[in-house]
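Novice: Coordinates only, no sequence provided:
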């Protein structure tokens, strides 16, 4: 749009330095071909609010870039073939052992190539960090209500990124074709076979033969290095565009409103921080990779369907699924009258997890429906000011954490001198009952914190100064907050539950009753913010 | 049996931890082999790979001393004649190797009954253990302490690793880090375990461990397994600290606590206003 | 678009411009309770200046620190290259890999952290420190653009007749839906043209096949299996298979144990499936297929290390704990003329995890 009007910027009237002249020439050259100045104008001074919790998504993004860089290095050396060869590398305890080319090349990366082991460790540590950072980022967004209108889509996209991260992680975990990853695939195979109607066929087609076959590693490799990263990159692109369109949320603070963004401009302060942070994240990952072993595949040996190692676990992000498999009670196979087998011992955890994930993905729409709130929200809520949402989040975390812990039930048992059976039973209890307890406690804690806020806003804080009244009584003098401090405590909205109203036909539908009931559940226990009149009357 | 005991009699009684270095005098081994051949007959000695129940010819004096130690320390659970009681199994036929393993690793005498015998500091000198072993071996034939060549750890590490993965790793973990069993029992970690005790555990199947007799894993196979375990111990993890070789669980905890923890610390510094 | 604090209008209640929108549905929206006496936004507090804003010496010092960090980064990167050369990997000495990994990593770390910490410090200490303000606007397009968008669709519809020519439209939709079908069909040849269900129901075991040690493949005599032993077993001949070795092993792996005969609690119908206290069970867990191999010789329990299913060997491997759905299938065994253990037949039921057609 601006290209046609831009004159060549070569006037030497002000006699700029050589460097400036080159920069000017180059910018013009680029702009005349790309209209880059429009983008710089639109984005260059865009404001990003500052809060530590707003950087968690960046940790995820940067670890993904680290994964791409280190992964590209690994592809130059890794060969995903499952053809059997005899090991001829330098690791003595495997010499002469038959193994797949994939495992052999993964060993060669570790033992023969300088820096190869470092890159493998960087790649794997970064992958663990990637998913962990996404998880923490999602929790931040959830607990501050930052998924509310207009950001519901971006929540869903972020959720899809979480799923992609798990998929990328699992396919990558499987590639070395060692004993650990092979047993992981075997578990996946067992879960697929449990799928009603088509399970055996899906497994057969996926593995290209009976398990393990010779196709699965090359197939997962294509997914791991091409299809899944491409989808992930596309989703990250959309996530970023929507971030720019919606602008970032900010916490309530004096001067910050729902109509503005307060913070540092992209150029230069934010760009320097964010760019510097990329190097810090990269540096921390390399630091970890240079001192701490991850996935020592040479210990596990090549995949063989007969052996297995104690402590066979998936990487942490698949742990909740593995834990769900461990917690189900025995003997749940059901053969229906037609003779078909329903493997409920696998199907219940499988469906349960899908329902859990769907609930996470759709939560913003559920909350919007229950609250009937159609406004845009750009102020990140303090978790205590939305007690029911915070309590739902805590319940979800408890559920997830119990499943997650179950994935390491054997290690918990050995390290805390407990019995496996006791650990499993405790976690079964925690999975089913824990979320309710967590919900109740969290909601009460939120309400208590809100009351405390209200107390401080009304009566001020304890000054530490004790005076004696004429009557002989001692009191501690309370000091009122100043306007800026008080604003943080009183600047939240108070909601009322939805009312049941007849629709156009004069009927009250069931869905309306449900909605009104949920809304009451959401909002009936609430603490109102202190108002000016309350404070006035308090003073007198 | 006799070969080993004689080596010990030439030494002053020393704590178990220091004895292995002193045992392996190459000439002593050769000389004792000769004694062994003479004592038990050439044909029998040639078949040591399959012999699991060598009869012993230890000196009466040693057996006698062992019997006294047994009566004082073991008989309350195992019975005066090792016939077994409600508190402990019979040791008739348990063999010298079982005694060497159980007492030499500090598992016996047990401090308290529990899901399984705990490792404790060794309570006896090697000479005392040998005496008790001789006494138990004298009750009935049982597995004997192996000759040095089967615990030397100079075998084929790759073959040992393969056998270890198939026969041992499901309980002890591929890196020998140990693992959980049912009802509060566990398979112990194998780092730092003396080769003769690894051998002893395979042959005698202590507690819930299955027996791997010489007909299942030959003594050479066992030596290969020992070779692999020694290799793992002597060559520390190439990628840096191994986080206990516990696999993905410790890795996941590490990245959450130290990886993400450190980076959250960085974000707080990053977004705090400068002084 | 971005302005400094002082010019921002502070005292406004949140949500006036962006928030108010009509709710079109029937129930009353649960809008925030707006009280007339709520506190006003007090506007921006006075800004605190940084030491680098106030003291030129501190500013100079920060400058020096930052360039020192960048310099350190250069040293780190150079060190990494040096470490690559100075710490080569010696194939005979694994500890050289550790050194290579560590020193290379330290160099790269230094190179990265130097840049990162330096840039952040620059941003925090020296770059313009005032917060700026940018206005937000409702995310929805302006009324004109929405009207124009509607108009464009209307025009497009009129020009194409998308709604009017319903036959064309519907056949188009049908055709587009049909296009991926060939792609689905193409996936059939992901695996060879065999029936997986039939394959799942058979293993290499058959009448007279000898039980052999895993991995060597040497056959096992009944007399070699002492009480308390556990043998990891494959069918004889499997170790020599050129084709499908792992696939067959994944179904045929067996665990062989010998218990004192009086401790075996055998079903009379299967009493002849064992031999003198020697029993053979499939090693493939009936839950999701991990090898169940943790045998406790005193309790006679088998434990799966993946999901902690427990089976009682003394009682036909019935499930006593954990998620497994069925007992482990038993392999009927006996001995041949030479005293070797042999299978009486294949397993009498499919091994491994449940699948839809399993019981048919």
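Specialist: Cool, got the structure. What you see is a predicted model; the values in this text were computed from it and never measured.
Novice: Does stretch C:309-326 reach chain A?
Specialist: Yes: against chain A, stretch C:309-326 shows contacts by C-beta under 8 Å from any C-beta of the partner chain at C:309, C:319, C:320, C:321, C:322, C:323, C:324, C:325, C:326. All C-beta atoms are positioned from the backbone trio N, CA, C, and that covers glycine.
Novice: The first one contacts residue C:288, doesn't it?
Specialist: To tie it back to what came earlier, the one meant is residue C:309. No: Residue C:309 lies out of contact with residue C:288 (C-beta atoms under 8 Å); the separation is 9.5 Å.
Novice: where does residue C:14 land on pLDDT?
Specialist: Note on residue C:14: pLDDT of 39.
Novice: now the residue of the stretch 101-250 of chain C found nearest chain A: how far from residue B:264?
Specialist: Going by C-beta to the nearest C-beta, chain A is nearest to residue C:105 of the stretch 101-250 of chain C, at 2.2 Å. Relative to residue B:264, residue C:105 is positioned 22 Å away (C-beta to C-beta, to the nearest Å).
Novice: okay, these two: which has more neighbours?
Specialist: residue C:105 (26 against 16; other C-beta atoms under 10 Å in any protein chain shown).
Novice: mean confidence for whichever strand or helix holds the more buried one?
Specialist: Assigned by DSSP states H and E, residue C:105 belongs to helix C:95-121. Regarding helix C:95-121, the rounded mean pLDDT is 95.
Novice: which other residues reach stretch C:47-64?
Specialist: Stretch C:47-64 is contacted from outside by B:273, B:274, B:275, C:5, C:121, C:125, C:126, C:129, C:130, C:131, using C-beta atoms under 8 Å, 6 or more residues apart in numbering or on different chains.
Novice: Show me just the buried residues among the residues you listed.
Specialist: Taking 16 or more other C-beta atoms under 10 Å in any protein chain shown as the criterion, what is buried in the contacts of stretch C:47-64 is B:274, C:5, C:121, C:125, C:126, C:129, C:131.
Novice: downstream neighbour of the least confident helix or strand in chain C by mean pLDDT in the secondary structure list?
Specialist: Counting by mean pLDDT, DSSP states H and E, chain C has its least confident helix or strand at helix C:16-19, which shows a mean of 38. Downstream of helix C:16-19, the next assigned helix or strand under DSSP H and E is helix C:51-54.
Novice: hmm, the strand or helix carrying residue A:489 touching chain B?
Specialist: In the assignment (DSSP H and E), residue A:489 maps to helix A:483-490. No: on the criterion C-beta under 8 Å from any C-beta, helix A:483-490 is out of touch with chain B, staying 15.1 Å away.
Novice: what's in contact with that helix?
Specialist: In contact with helix A:483-490 (C-beta under 8 Å, 6+ apart) are residues A:252-254, A:453-454, A:456-457, A:480-481, A:529-531, C:38-39, C:41-42, C:45.
Novice: wait, doesn't residue C:295 sit right on residue B:212?
Specialist: No: the criterion here is C-beta under 8 Å, and residue C:295 misses it with residue B:212 at 11.2 Å.
Novice: what do the two both touch?
Specialist: With C-beta under 8 Å, 6+ apart as the test, residue C:295 and residue B:212 both reach residue C:230.
Novice: mind pulling up the phi and psi values for the closest residue to residue A:420 other than its chain neighbours?
Specialist: Nearest residue to residue A:420, sequence neighbours excluded (C-beta to C-beta, 6 or more residues apart in numbering or on different chains): residue A:413, at 4.6 Å. Note on residue A:413: backbone dihedrals following degrees, to the nearest 10 are phi -60, psi -50.
Novice: Neighbours of residue A:413, how many?
Specialist: 25.
Novice: tell me the helices in chain B, going along the chain?
Specialist: All helices of chain B, identified by DSSP state H, fall at B:2-9, B:19-23, B:26-40, B:42-46, B:60-73, B:75-78, B:95-104, B:126-139, B:157-167, B:169-172, B:195-204, B:219-234, B:248-254, B:261-271.
Novice: Packing partners of the last one?
Specialist: Helix B:261-271 makes packing contacts with helix A:56-75, helix A:116-143, helix A:271-291 when contacts are defined by 3 or more C-beta pairs under 8 Å, 6 or more residues apart in numbering or on different chains; DSSP states H and E.
Novice: Could you check the angle that helix makes with helix A:56-75?
Specialist: Interaxial angle, helix B:261-271 versus helix A:56-75 (axes from the mean of the first three to the mean of the last three C-alpha atoms, to 10 degrees): 130 degrees.
Novice: Quick check: buried residues in helix B:261-271?
Specialist: For helix B:261-271, burial by neighbour count (16+ other C-beta under 10 Å) applies to B:263, B:264, B:266, B:267, B:270, B:271.
Novice: same question, the fifth one
Specialist: By neighbour count on 16+ other C-beta under 10 Å, the buried set for helix B:60-73 is B:62, B:63, B:65, B:66, B:67, B:69, B:70, B:73.
Novice: Please verify my assumption that the second one contacts residue B:135.
Specialist: Yes: counting by C-beta under 8 Å, residue B:135 is a contact partner of residue B:63 at 5.1 Å.
Novice: And the helices in the stretch 301-450 of chain A, which stretches?
Specialist: Taking DSSP state H, counting those that start in this stretch as the criterion, the stretch 301-450 of chain A contains helices spanning A:319-327, A:344-371, A:387-406, A:409-415, A:420-432, A:434-459.
Novice: what does the stretch 1-150 of chain B put close to chain A?
Specialist: residue B:115.
Novice: Sketch out the low-pLDDT regions of the stretch 1-150 of chain B for me.
Specialist: Applying pLDDT under 70 to the stretch 1-150 of chain B flags the ranges B:1-58.
Novice: Right, and chain A sits closest to which residue of it?
Specialist: Checked against chain A (C-beta to the nearest C-beta), the nearest residue in the stretch 1-150 of chain B is residue B:115, 7.4 Å away.
Novice: Show me the domain layout of the chain.
Specialist: No chain specified, so I'll use chain A. A:3-34, A:52-314, A:457-539 (automatic domain parsing).
Novice: looking at chain C here, not the other one
Specialist: Using automatic domain parsing, chain C is parsed into the domains C:1-42, C:52-125, C:147-188, C:204-343.
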